[in-house]
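> Pasting the sequence and the predicted model now:
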Amino acid sequence: MFNDSSLERPLINSSCPAILRLIQIRFPDLLPNVINIETPIEITARIAKKEAAKKTGLDISDIGVIFISPCTARVTSIRNPLGIEKSYIDAAISMKDIYGALVRNLNSIPPEITSESTRESMEWAIVGGQAKILGLDSYIAVDGIHQVIKVLEEIETGRLQGLDFVEGMACVGGCIGGPLTIENTFIAKCKMFAMAKGLPASRLTEQELDSYLEMYDNGFISLTEPIEPRAILKLDKDISKSMRKMEMIEEMLKYLPGLDCGVCGAPTCRAFAEDIVKGENQKSICIVKTMESFKSKRKV
């Protein structure tokens, strides 16, 4: 898959939903560079449902998968996925919401529930981990949506040559720096590397590898829908309605922080406001404004 000469270079990882939205809106010419494979969590959900259905005899539609999420962008990707018609994940819970209850009940977790983490799976959540696992030399790993924008601009204008792979993550540090995580990003990074050292390396048998390749060829773990460029200003076919919606967007922007942090799932505050006005993602929240409101209430 990676050695396919027909793919555009550099390849861009498809694992960060905020970066996918960014490319769709701001860098549509780079869409052919995006790797045609789903995120690890989506792949895990599909395999888990398939195995559970086989074990229980239930239909896949009767089996639920709940994701404990490090960021709101992944919650958005469940409701409005890119590259697939429907997510196999049914709901998401914030890490912050479940952390306390999980820690308090660690002793009650059945001993038969064991971790199957490997060194590679632990490092995947840290920016640069994907390229390291792939064993690449000609790559760059960049985190923080503003830095990713700079890199994509250089690729689009041809100023960045000779790369095989670009690993872009909206959150600083990668998924471990998501806004719904608990630990300080940099402390978490050190802890993750330390834990990864004590874990076994991933070992796939030829049979397992063939099985995964078959899943990819069958579209089970790959993107199944084309990611089309999104016209930012196409709000409505009716010009008068389009103008009213533009006024609503401008009004909404007055109350947004203007940080373009990407943690809501939209790459910019304008894209976030546009989603709300167009009715495409009305359940999204601006976590920055939510935290500001929470802090102000605590002071009172």
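Sure, I can see it.
> In stretch 72-82, which residues are buried?
Across stretch 72-82, burial judged by 16 or more other CB atoms under 10 Å covers 72-79, 81-82. Yep, even glycine has a C-beta here, placed from its N, CA and C like the rest.
> Now pLDDT and secondary structure too, for the residues you listed, in CSV please.
As requested, the buried residues of stretch 72-82 are arranged in CSV below (pLDDT from 0 to 100; DSSP: H, G, I helix; E, B strand; the rest coil):
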residue, pLDDT, secondary structure
Thr72, 83, helix
Ala73, 84, helix
Arg74, 84, helix
Val75, 82, helix
Thr76, 81, helix
Ser77, 85, helix
Ile78, 87, helix
Arg79, 82, helix
Pro81, 87, coil
Leu82, 87, coil
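> so which of those residues would you say is closest to Ile276?
Thr76 (11.8 Å; CB to CB).
> Roughly how far does the closest one sit from Arg21?
Counting by CB to CB, to the nearest Å, the gap from Thr76 to Arg21 is 8 Å.
> same check, this time on Gln207
In this view, Gln207 and Arg21 are 37 Å apart by CB to CB.
> okay, the two: which has more neighbours?
For Gln207 versus Arg21, the count of surrounding residues by other CB atoms under 10 Å is larger for Arg21: 27 against 7.
> For that one, list the residues it contacts.
Contact analysis of Arg21 by CB atoms under 8 Å, 6 or more residues apart in numbering lists 73, 82, 265-267, 271.
> ok, 10 Å please
73, 76-77, 80, 82, 170, 227, 230, 262, 264-268, 271-272, 275 (CB atoms under 10 Å, 6 or more residues apart in numbering).
> Buried ones from those, can you make that a PyMOL selection?
Buried residues within the contacts of Arg21, by 16+ other CB under 10 Å, are selected in PyMOL with:
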select buried, resi 73+76+77+82+170+227+230+262+264+265+266+267+268+271+272+275
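> picking that back up, can I get the buried residues of stretch 72-82 in CSV including distance to Ile221?
Shown next, in CSV, are the buried residues of stretch 72-82 (distance: CB to CB, whole Å):
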residue, distance to Ile221
Thr72, 24
Ala73, 20
Arg74, 17
Val75, 21
Thr76, 21
Ser77, 16
Ile78, 17
Arg79, 21
Pro81, 14
Leu82, 15
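> If we only consider the residues you listed, which is nearest to Ala48?
The closest of these to Ala48 turns out to be Ile78 (CB to CB; 14.8 Å).
> low pLDDT regions in this protein?
For the chain, the stretches with pLDDT under 70 are 1-7, 111-115, 231-236, 239, 263, 265, 280-284, 287-300.
> any chance you could map the strands in it?
11-12, 66-69, 91-94, 139-143, 165-169 (DSSP state E).
> Let me have the ones you listed in TSV, extended by distance to Glu214.
As requested, those are exported to TSV (distance: least, CB to CB, whole Å):
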stretch	distance to Glu214
strand 11-12	22
strand 66-69	25
strand 91-94	29
strand 139-143	27
strand 165-169	24
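> Show me which positions of stretch 149-167 end up buried.
Within stretch 149-167, the residues scored as buried using 16+ other CB under 10 Å are 149, 151-152, 155-156, 160, 163-167.
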